[in-house]
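**Q** Make a model of this:
(chains A, B, C and D)
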Protein chains: 2
Amino acid sequence: MYVHIKIALRLTQNEKYFIFDLPMKKKYVLKDIAKLAGVSIGTVDRVIHNRGRVSAESEKRVKAAIKELHYVPNPVAQSLKNNKVHQIRILLPDPSIDPYWVPCEHGIHEIKDEFKAFDLDIELSYFDPVKVNSFKEAGEAILDQKPDSLLFVPLFEKESVLLMEKLKNSNTLTSTFNSPSNSGVHQFIGQNLFLSGRVAAKLACDHLPSEANVGILHLDESFNNALHMQEKEKGFRAYFEENCPTSKLYTHTWDSSRSKYHLEKLQNDSLVYDILFVTNSKIHPVAMAVHELGLKTKLIGYDLLKENVVCLKEGRIDFLIHQAPKTQASLSLKNVIEHLLFKKPLPETVLLPIEIINSENVDSYL
Amino acid sequence: MYVHIKIALRLTQNEKYFIFDLPMKKKYVLKDIAKLAGVSIGTVDRVIHNRGRVSAESEKRVKAAIKELHYVPNPVAQSLKNNKVHQIRILLPDPSIDPYWVPCEHGIHEIKDEFKAFDLDIELSYFDPVKVNSFKEAGEAILDQKPDSLLFVPLFEKESVLLMEKLKNSNTLTSTFNSPSNSGVHQFIGQNLFLSGRVAAKLACDHLPSEANVGILHLDESFNNALHMQEKEKGFRAYFEENCPTSKLYTHTWDSSRSKYHLEKLQNDSLVYDILFVTNSKIHPVAMAVHELGLKTKLIGYDLLKENVVCLKEGRIDFLIHQAPKTQASLSLKNVIEHLLFKKPLPETVLLPIEIINSENVDSYL
DNA sequence: TAAAATTTTGTGTACGTACACATAAAAATT
DNA sequence: AATTTTTATGTGTACGTACACAAAATTTTA
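**A** Numbers count the residues shown, from 1 in each chain, chains lettered A, B, ... in the order given. As a prediction, the model looks like this:
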């Protein structure tokens, strides 16, 4: 195939250009298909989008031509044509109530910035992770706007199902992250929580004497999806049953701010833990309490909150598992945008790796 | 601002459409700037690309209009206009000689596929990681083609500098990964190797008695950038000096296939290692040898080669550090493509996180 | 067999940007 | 004041796709 090439050979700015042709690889376009099939561009277009009004004969020839030339539509041209402003709404637990969500906000703003040159209207709203109604109301407010896409964290399973129910007949694209749900969304981005528990257990086991006392702590349950934490516990226990059956495992549920009180009580009952596994990001109060009580308990928890990172670097926490909230949120938004703009396929499930963090590699994650 | 909206209200396919206007957010375009500044599109364009031939007065007003409306050019339209076929060449160590590079190849093919609808001509060629001349020749062959972009792994520092020297006056975009170099490329993607050594050391320390014997192994040196491995050793030793000064560290260099022989000899000299740190992906022969000799040495190494993963899962290797070769290669290619197509900025350095892998989280990385 | 209805096909324009070329305005020369 | 030269500005077309509408070809009905 030959392509039009322009070469500037002019010496002064008013001389004319030379234009000639050079052989060069070239992507095939609609026009090429039309020529090969002996029809017009319009007919090719109708076949591609099966909009009907095409004779069987033409359709056959166009399809053959597409196949022969391996034609793929140019997504840049498509998205240029389709010049609507895509409405994207994001519903996030309020980061000022639970700082775990702060990185999500940052990730979203990064992606917003990356695509600032495109026709996107991205709006972020928050709900209180402790109040179901807050989620419901914020969700409905968004539905009223009939957005092209909705991203949210399905902390509340029942209400998420209800939300999706109302969205059934629209063609709003839905993407979720952090918490899995059966609400029938188009996409979920997160981690395998069971496996995550196993990873924690493996790290714990490596450090333990036989017949160790092992504690599993669910802190501030009201802030979290309880299912979320239970799944981690299941994985944790499964690993221990398989690999350290002599260890004794106990589960506790308490308020993170009362960690010292609870640990002291356990100490008085002469139950001293060799290791404590905290199933969410609230490990730092525990680390402080352990330190103040002079215990030698090893600690494993979740997430790179500022306070957690400090404890990790000072050796008060042994390992953190990184759930990559920022990656989850930004990937979710990016996937949706690239689907709307460039028709990239939207993967139904993206399971991010379970990242092990210690005092030495933590900086490489920040 | 008001936008043209078409609504299909026709009952039969031959009725006409209703067309009316609805208020809606809309991105500002060249035309809007031109109108506001009271000039033509051409003048605005000349100002934006400072191509001159514009009066000071017009330039001032256009710039003010751009600022006022926060105008950002539409990169989709730009890339549609610029319909050249971008030539991208990739120079990779031959994966059939060192399997470490296999994932790079996969990553590259994934990105190639992701962008198959665009006008890109991406070609992959290989060099023998043991032969400097192979790199030189393959490099020069690529230079002759004057590609728009060149990706390569600068295994050989001196030759990489030479290659870049020859590229100096062209505007070929260069991106490298895996090995850092001072050849003046536009982009490097990789890990902080010193830190990587420290991470290994931290994992090692956690498992050690005081006064432990610690071995550092550089295997099959000819295959690798020696600097690469030395940097890891430095980090490893630095951590031990700070945190486990009582341990005794020894460095060995041998051929991975002769691991059993060397370990046996050390055993006869009654030097038994508590831990061995292998500075590259060649740890699995060591793991097999340790197993066969019945040693209880802990092992830490690099990379998720199939053989390494098997050893990890069977408990013969304790930790692997993932250098994410696939991510490195695919990110390098993706960055270059998005720069060429959409003018996204190309970050000079991307340091990927140092990922700790054990038997439980390894699957989440595959 | 002509007219009407229906199906099929082709054409033109828009999306937003870039740039060659044409034209207009201003400045410098005669 | 008439001209050339220089500088400034505007216009038209292309990129590849999508789609409304016009036009042509075919089928149905009278």
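
**Q** Strands of chain A, residue ranges please.
**A** A:2-7, A:18-23, A:86-93, A:120-127, A:149-152, A:173-177, A:187-190, A:213-219, A:248-254, A:275-278, A:298-302, A:319-322, A:349-351, A:355-357 (DSSP state E).

**Q** do you know which of these lies nearest DNA strand D?
**A** Closest approach to DNA strand D among the strands of chain A (CB to the nearest atom of the strand): strand A:2-7, 6.3 Å. No exception for glycine: its C-beta is placed from N, CA and C like everyone else's.

**Q** In this structure A:Val130 contacts A:Phe223, no?
**A** Yes. Between A:Val130 and A:Phe223 there is a contact under CB atoms under 8 Å: 6.1 Å.

**Q** distance of A:Ser125 from chain B?
**A** 17 Å (CB to the nearest CB, to the nearest Å).

**Q** Around chain B, which positions in the stretch 151-300 of chain A sit nearby?
**A** A:Gln191, A:Asn192, A:Leu195, A:Arg198, A:Val199, A:Ala201, A:Lys202, A:Leu203, A:Asp206, A:His207, A:Tyr239 (CB under 8 Å from any CB of the partner chain).

**Q** residue contacts, the third one?
**A** What that stands for is A:Leu195. By CB atoms under 8 Å, 6 or more residues apart in numbering or on different chains, the contact set of A:Leu195 is A:Gly235, A:Ile354, B:Glu360, B:Asn361, B:Asp363, B:Ser364.

**Q** Provide a list of residue ranges in the stretch 251-366 of chain A with pLDDT below threshold.
**A** Scanning the stretch 251-366 of chain A for pLDDT under 70 picks out nothing.

**Q** Quick one: the helices in it, in order.
**A** Ranges of helices within the stretch 251-366 of chain A are A:259-268, A:283-292, A:306-313, A:325-342, based on DSSP state H, counting those that start in this stretch.

**Q** Can you tell me what sits against the second one?
**A** Among residues not part of helix A:283-292, those counted as contacts by CB under 8 Å, 6+ apart are A:217, A:219, A:256-257, A:259-260, A:263, A:276, A:278, A:297, A:299, A:301-302, A:305, A:307-308, A:310-311, A:316-317, A:320.

**Q** mind listing the helices for the stretch 51-200 of chain A?
**A** Using DSSP H, counting those that start in this stretch, helices in the stretch 51-200 of chain A cover A:56-68, A:75-81, A:102-114, A:132-144, A:157-166, A:193-205.

**Q** Determine which of those helices shows the lowest mean per-residue pLDDT.
**A** Lowest mean pLDDT within the helices of the stretch 51-200 of chain A: helix A:75-81, at a mean of 88.

**Q** which helices and strands does that one pack with?
**A** Packing partners of helix A:75-81 (3 or more CB pairs under 8 Å, 6 or more residues apart in numbering or on different chains; DSSP states H and E): helix A:325-342, helix B:75-81.

**Q** Just say which of those helices is most tucked in.
**A** Mean neighbour counts were compared across the helices and strands packed on helix A:75-81 using mean count of other CB atoms under 10 Å in any protein chain shown; the top stretch is helix A:325-342, at a mean of 22.

**Q** what's the angle between it and strand A:120-127?
**A** Taking axes from the mean of the first three to the mean of the last three CA atoms, to 10 degrees, one finds helix A:325-342 and strand A:120-127 inclined to each other by 140 degrees.

**Q** So if I had to pick from A:Val130 and A:Phe223, which one is more boxed in?
**A** Neighbour count, other CB atoms under 10 Å in any protein chain shown: between A:Val130 and A:Phe223, A:Phe223 has more, with 18 against 15.

**Q** how about the nearest residue to the residue of the stretch 201-350 of chain A found nearest DNA strand D, chain neighbours excluded?
**A** Among the residues of the stretch 201-350 of chain A, A:Lys343 lies nearest to DNA strand D; the distance is 8.5 Å by CB to the nearest atom of the strand. Leaving aside its sequence neighbours, A:Lys343 sits nearest to A:Pro75 (CB to CB, 6 or more residues apart in numbering or on different chains; 5.9 Å).
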